[in-house]
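Trainee: Below is the structure, and that's it, no one-letter string:
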């Protein structure tokens, strides 16, 4: 309790582990609270083919294990526990973890973002039994079966196209007739003979039996009319929300909860930095998250030098 850490990192993933690696190599003895679901979104990604240095690709969980191992080798102290709240009103900052209080001269937030669910009736029971938010993780389970994708952005079109590798038919469901997806991603889906696009449709209820998902009741938001559709798998791709609730509005965010950088990677609170998908509304890539983690670590090191050492 009385021990004040120079750096506490909240969250893991490519941003957190890279920040941990850099601050550990800078001899700042960083402490990371990785959370129970350590590793972030990439723990749900089967193949990463666009991270430099992996010509054959690498599994998401494997990459996260390697990043963690590398950072720990240089002295990163990782605890797989969740942060409940922080007090940023004065320094040293207070970090509350399962009733235990830790003190920090600086904090790097890398808690990432989580998938948004529809929360339609029947959904909770079928999570992992047919309903998923990650086509790359779970698509192969639906070989030669009919699946649904819900969403209208790049992710939805990309997931629908990806799923045609396995599924016999993919139905892309969107509640409007205008797609947010880029033209190239939309055209790729629209021109795929395995994909049927249904507009002005939203999931009213999920249908299932003892074996799992069997389909959904779709509703037309314009007039409330319904239809039933059969599917053994469904993938929800309607976006992500940043994990910032534990901050309780002590750090400035945008209207969607993403942390705003004020100077380089510094937040609105002096000595508190943020990196990765908790900040990034545009790129959301492993490589950009790792790069931002490096920046946050270097910014924190420089800030500590100027303000405390």
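Mentor: Right, received. Where do you want to start? Here the structure is a predicted model, which means the values were calculated and not measured.
Trainee: What residues of stretch 293-307 count as buried?
Mentor: 293-301, 303-304 (16 or more other CB atoms under 10 Å). (Glycine included, C-beta is placed from N, CA and C.)
Trainee: I should have written stretch 106-121 there, sorry.
Mentor: Buried-residue list, stretch 106-121, by 16+ other CB under 10 Å: 106-113, 115, 118, 120.
Trainee: rewinding a little: export the buried residues of stretch 293-307 to a markdown table and tack on secondary structure and distance to residue 93?
Mentor: Output for those, formatted as a markdown table (DSSP: H, G, I helix; E, B strand; the rest coil; distance: CB to CB, whole Å):
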| residue | secondary structure | distance to residue 93 |
| --- | --- | --- |
| 293 | helix | 19 |
| 294 | helix | 22 |
| 295 | helix | 20 |
| 296 | helix | 15 |
| 297 | helix | 17 |
| 298 | helix | 20 |
| 299 | helix | 16 |
| 300 | helix | 12 |
| 301 | helix | 17 |
| 303 | helix | 13 |
| 304 | helix | 13 |
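Trainee: which one of these is nearest residue 15?
Mentor: residue 293 (3.8 Å; CB to CB).
Trainee: What helix or strand is the residue lying closest to the closest one once chain neighbours are set aside located in?
Mentor: Excluding the flanking residues, the one nearest residue 293 by CB to CB, 6 or more residues apart in numbering is residue 18, at 3.3 Å. Here residue 18 sits within helix 13-25, counting by DSSP states H and E.
Trainee: Now the element after that helix, going C-ward?
Mentor: Assignment by DSSP H and E places the next element after helix 13-25 at strand 31-33.
Trainee: which helices and strands sit right next to that following strand?
Mentor: Strand 31-33 makes packing contacts with strand 4-10, strand 77-79 when contacts are defined by 3 or more CB pairs under 8 Å, 6 or more residues apart in numbering; DSSP states H and E.
Trainee: tell me how far the helix or strand containing residue 171 is from the chain's mean position?
Mentor: Residue 171 belongs to strand 169-173 when assigned by DSSP H and E. Here strand 169-173 is found 24 Å from its chain centre; the criterion is CA atoms, centre = their mean, to the nearest Å.
Trainee: just checking, next helix/strand downstream of it?
Mentor: Counting by DSSP H and E, what follows strand 169-173 is helix 183-190.
Trainee: hmm, who's touching that next one?
Mentor: 154, 157-158, 160-161, 172, 179, 181, 195, 197 (CB atoms under 8 Å, 6 or more residues apart in numbering).
Trainee: now do 7 Å
Mentor: 154, 157-158, 160-161, 172, 179, 195, 197 (CB atoms under 7 Å, 6 or more residues apart in numbering).
Trainee: a markdown table for these, including distance to residue 206?
Mentor: Putting those into a markdown table (distance: CB to CB, whole Å) gives the following:
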| residue | distance to residue 206 |
| --- | --- |
| 154 | 24 |
| 157 | 22 |
| 158 | 23 |
| 160 | 18 |
| 161 | 23 |
| 172 | 17 |
| 179 | 23 |
| 195 | 21 |
| 197 | 20 |
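Trainee: Now tabulate the residues you listed in CSV and tack on secondary structure and distance to residue 219.
Mentor: Output for these, formatted as CSV (three-state DSSP; distance: CB to CB, whole Å):
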residue, secondary structure, distance to residue 219
154, helix, 25
157, helix, 22
158, helix, 25
160, helix, 20
161, helix, 25
172, strand, 16
179, coil, 19
195, strand, 21
197, strand, 17
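Trainee: ok so, going back, okay, the helices and strands packed on strand 31-33 in TSV with distance to residue 51, mean pLDDT and mean neighbour count next?
Mentor: Formatted as TSV, the helices and strands packed on strand 31-33 follow (distance: least, CB to CB, whole Å; pLDDT from 0 to 100; neighbours: other CB atoms under 10 Å):
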stretch	distance to residue 51	mean pLDDT	mean neighbour count
strand 4-10	21	97	24
strand 77-79	21	98	17
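Trainee: Output those strands in a markdown table; the columns should cover distance to residue 273.
Mentor: Converted to a markdown table, those look like this (distance: least, CB to CB, whole Å):
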| stretch | distance to residue 273 |
| --- | --- |
| strand 4-10 | 9 |
| strand 77-79 | 18 |
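Trainee: Which residue ranges of the stretch 1-150 of the chain form helices?
Mentor: With DSSP state H, counting those that start in this stretch, the ranges of helices along the stretch 1-150 of the chain come out as 13-25, 60-73, 123-126, 135-138.
Trainee: so which of those helices gets nearest residue 274?
Mentor: helix 13-25 (8.7 Å).
Trainee: what does that closest one contact?
Mentor: Taking CB under 7 Å, 6+ apart as the rule, helix 13-25 contacts 7, 9, 30, 32, 39-42, 67-68, 70-71, 74-76, 108, 110, 112, 275-276, 286, 289-290, 292-294, 296-298, 300-301.
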